[in-house]
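Undergrad: Predicted model follows, preceded by the sequence.
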Amino acid sequence: MNGRISKVGVVLIVCFVALFVQLNRVQVFEAAGLNAHPENLRSIDRSYERSRGIVATADGVVLARSVDTPGSDFARRREFPEGELFSQVTGYYSFEYGADGVERAFSDELAGLTDAQRYDRFSDLFVDRDRSADITLTLRSDVQQAARTALGDRKGSVVVLDPRTGAVLALWSYPSYDPNRLSGDDIEAVRAAWDDLDADPERPMLGRAYRERYAPGSTFKVVTGAIGVESGAVTATSPVFPMVSSYTPPASRNPIGNFGGMVCGGTLVEIFTVSCNSAFAQMGTELIGPSKMVSGVGRFGFNTTVPFDLPASAISVFPVRYGAELSPGVYEDSARLAQASIGQNDVAATPLTMAVVASAIANDGAVMSPHVVERIESRDAKVLFQSVPTRWQRAVSPSTAALIRQGMESVVTQGTARALAIDGAEVGAKTGTAEVGDGEATNAWVIGYAGVPGAVPSVAFAVIVEADPGIGEQTGGRIAAPIARAVVEQALKPMQPVLGG
Amino acid sequence: MVRARRRTELGLLLLAALIVTGAYALASLSRAAALPGDLGWFIGVVVGLFVVGHLAIRRLASDADPLLLPLAGLLNGLGFVFIARMNADLAAAQAMWSLVGMAGFVVTLGLIRRTRSLESYRYSFAALGIGLLLLPSLPVIGREINGAQIWISVGPMSFQPAEAAKLALAAFLAGYLVDKRELLALSSRRLGPLYLPDPRHLGPLLVAWGVSLLVMVNQKDLGSSLLFFTLFVVLVWVATGRAAYLVLGGLLFGAGAFGAYHLFGHVRDRVSIWLDPWPVAKGAGYQVVEAAFAMADGGLTGTGLGLGNAGRIPARETDFIFAVVAEELGLVGATAVLLAYLLLIGCGLRIALQSDYPFEKLFATGLTTLLGFQAFVIVAGVTRVLPLTGVTLPFMSFGGSSLLANYVLIALLVRISDETAKRTTVVQEDPQRPVGVAGVGG
């Protein structure tokens, strides 16, 4: 009998060896394939398993938080209580489609995965604890809400900055989308919502305020004027531009006409006030020239990546090639430079860049790095990051900026932005009406700044209302300036912290 | 020698207690970043239970094999750690059942002083075994849980009688085969190429076999059916040495499997899921697919105790607990658990080999086959070596009936090893004969 008992033992050993072999297959040799299998939701689980911190506005409104989902396949889901209002800043957080906005750029911080958070204490080498961090944004919920209300259901963007620090106070564009639709725990519903939003011709997920470029039109005269003054070619009193109704660039037969065929000219402040195309086109082409224009626009953030803490912002562009110099100061493509000098031709700027232009002028010529994240704080109240105002670069000298402010303030007191005159505030602005394509339709712009008289302005802004073929010509002064006024009035009020937010 | 075996046992028990309490602390650290509040209690209960078992062996079976209790305690403790890490309510029940199991261990050692005394009750055990198997089919107390009618409920208590029935049937078979093995080994009838014994002797065997299989097929308990079938075939073959019984068993198994496959939808489902679970990965194949994902996630060294994603694995505290082990402890830890079962099998078969009484040999072989094959069947189902059949992983899965039955099983092996060792030391028939294995593990 003993021989057979031993054989039973051998058979059982063989059985267990089979288990061992199979375990090796599953856990080692086929593990990579199984981990990557489309039915395998474990990696998604892991990201959902982790608690992520709260994202809140400067005034304490919660924009994003993790909520437990009992009864669901996933431990948690990301909730965005303000819906579409802040989605272009916070982005979404989806198990299938990744993340966008702050949720993407600061994903590791929110989930507690940065090295500083993971190995904060010695015990962290051994133990997993909730290391997620909360993010406080620079945005104010009241200013953001004012921007949404003022823009209404017109396609466009509103960007409000604090020129002294670069802090973004509001960043809104319409149409927007509800990030909760992409962040739920119902996979099928999320897929349907994604397909829906992705196919929408209005492109609600685009984030136009910093990812879409438009011809800046007359608002670009702020840049051209500032470069002209900075180059020494233009002062407060000279030159006096000729009173004409159009300007024909050298080596060109196509004149650039003034708005409505008006006759204009004069000193810098005068041509600012009436937005004189002929004078600024001449300034860019003949007084500044291609090389100084190209290097000058770079200092305002064109043709370069503006440091910004949201992901995938678009680069604003200004043409750089004007052909050979035919005679001193005259280039093959001088006509192009003349158009670019008034923000037409191939000049394309994001609303954010134009707000940066306005804030550079407001802040005595210094461009502060725009940013939306003010502070990152760990669960145990340890500050992991605190934004400090950082000068990205200098656009122009303080005296140049002061002269351009005179021109922009004149636009508010006597020019096209009279809608922005606010009692008790010093406001400077420049409107723009940029033609789109061949039709009548135009993009309506206004950029500017506002603040307490005598101090560095506390608010800089850019507003664009996109061309609407059904409406025809929309001027910056008539369409965009009232929107800017409503937003600026709100931004000038002191921030009211939301209690219990 | 006696002292040496018990010292070995005590040392191994302390090692097992260290592993179990360490695992318990680690699982809590990784989930809550803190030592468990009840760690003191936990250490006390684990050490207390082990010491009670150890003292019982010292007093009641002082020459017993020193490996059985530490291995059982280790697997029981590790299983508890995993259950506690997943479900606090079940953990409380499992802790209670561990106490009951250890009590069953002590009581078995106390009641059964002489294994061969069981031999004369063989037909009572047959009746008891079949009666227990029939219980869940009774109207009032029978319960169907997860499609299998294998439970009985009395008040708030649920019990799986098949767990006790398998011990009773092992005792019956050992007793019956000892009595009839000479007759069964004779081949008086010829059926084709096979020589078969007189049907008068084969009859009771076939009846017991058929009844238990029928009952279990009726209750849809495939795992237990497979287990009993194997027990019958193995013991008849070991007792008689007739390869014809293996062939006959194989034929009967083939016929049974063929019939079950065509008669029962759930058998067909199990087989098709085993062959290819992916087309139904979201449906019926969900269990094995998620188990495979979990084990793949664990990889070589595992995610770490308490750091896996056990929530995705169905039946994670019972049938699929091995997938959780493989996920969190990795291939390394899962292999260690498999080795622990293999060591238990080795101990059990060594006890069978060393005993000089046929009944004890057969009984020990039967008990070891039950334990080892059950562990194999469920791990094979979880890892897709075999179609999935729902049985518990002995000592590790959640479940009171299983835990109690397996502690009684271990107590019976302890008893047999003690009797054998006592006989060899007292009689000293042959001084050259190896007595005991005090050196092993010590």
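TA: Arrived safely, thanks for sending.
Undergrad: what residues does the stretch 1-150 of chain B put near chain A?
TA: Within the stretch 1-150 of chain B, the positions near chain A by Cβ under 8 Å from any Cβ of the partner chain are B:29-31, B:33. C-betas here are computed from N, CA, C, even on glycine.
Undergrad: Show me which of the residues you listed are buried.
TA: Burial by neighbour count, judged by 16 or more other Cβ atoms under 10 Å in any protein chain shown, picks out B:29-31 from the residues of the stretch 1-150 of chain B next to chain A.
Undergrad: residues near the residue lying closest to residue B:75 once chain neighbours are set aside, how many?
TA: By the measure of Cβ to Cβ, 6 or more residues apart in numbering or on different chains, the closest residue to residue B:75 outside its immediate chain neighbours is residue B:395, 3.8 Å from it. By the criterion of other Cβ atoms under 10 Å in any protein chain shown, residue B:395 has 28 neighbours.
Undergrad: And residue B:395, its phi and psi?
TA: Dihedral angles of residue B:395 (phi, psi; degrees, to the nearest 10) stand at phi 70, psi -20.
Undergrad: rewinding a little: from the residues of the stretch 1-150 of chain B next to chain A, pick the one nearest chain A.
TA: Chain A lies nearest to residue B:33 out of these, by Cβ to the nearest Cβ, at 3.7 Å.
Undergrad: For residue A:28, see how far away the closest one is.
TA: Distance check for residue B:33 against residue A:28: by Cβ to Cβ, to the nearest Å, it reads 30 Å.
Undergrad: Can you list the residue ranges for strands in chain B?
TA: B:142-145, B:148-154, B:157-159, B:189-191, B:194-196 (DSSP state E).
Undergrad: any idea which helix or strand carries the residue nearest the centre of chain A?
TA: Nearest residue to the geometric centre of chain A (Cα atoms, centre = their mean): residue A:210, 3.0 Å. Using DSSP states H and E, residue A:210 falls within helix A:208-211.
Undergrad: and what of residue A:66?
TA: Using DSSP H and E, residue A:66 sits within strand A:62-68.
Undergrad: Pull out the CA atoms of that strand and give them to me as PDB.
TA: Only the C-alpha atoms of strand A:62-68 are listed here, as PDB (Å, rounded to 0.1, in the frame of the first residue of the first chain):
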ATOM      1  CA  VAL A  62     -15.200  74.800  -4.500                       C
ATOM      2  CA  LEU A  63     -14.600  74.000  -8.200                       C
ATOM      3  CA  ALA A  64     -13.600  70.400  -8.000                       C
ATOM      4  CA  ARG A  65     -13.600  67.700  -5.400                       C
ATOM      5  CA  SER A  66     -13.600  63.900  -5.100                       C
ATOM      6  CA  VAL A  67     -16.800  62.300  -3.900                       C
ATOM      7  CA  ASP A  68     -17.300  58.700  -2.800                       C
END
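Undergrad: still on that earlier bit, contacts only, for the residue nearest to the centre of chain A.
TA: Going by Cβ atoms under 8 Å, 6 or more residues apart in numbering or on different chains, residue A:210 touches A:159, A:171, A:308, A:310, A:313-314, A:350-352.
Undergrad: Mark which of those are part of helices, please.
TA: A:351-352 (DSSP state H).
Undergrad: Check residue 43 and give its pLDDT.
TA: All of this is about chain A. pLDDT for residue A:43: 69.
Undergrad: hm, I was asking about chain B
TA: The model reports residue B:43 with a pLDDT of 93.
Undergrad: My guess is it contacts residue B:21. True?
TA: Yes. Counting by Cβ atoms under 8 Å, residue B:43 does reach residue B:21; the two are 5.0 Å apart.
Undergrad: The residue of the stretch 51-200 of chain B found nearest chain A: how many residues sit nearby?
TA: Nearest residue of the stretch 51-200 of chain B to chain A: residue B:181, at 9.0 Å (Cβ to the nearest Cβ). Counted with other Cβ under 10 Å, residues neighbouring residue B:181 total 21.
Undergrad: Which residues are in contact with it?
TA: Counting by Cβ under 8 Å, 6+ apart, residue B:181 makes contact with B:239-240, B:358.
Undergrad: and if you look at residue A:66?
TA: Residue A:66 makes contacts with A:51-52, A:76-79, as judged by Cβ under 8 Å, 6+ apart.
Undergrad: Closest one of those residues to residue A:278?
TA: Nearest to residue A:278 among these is residue A:78, at 53.9 Å by Cβ to Cβ.
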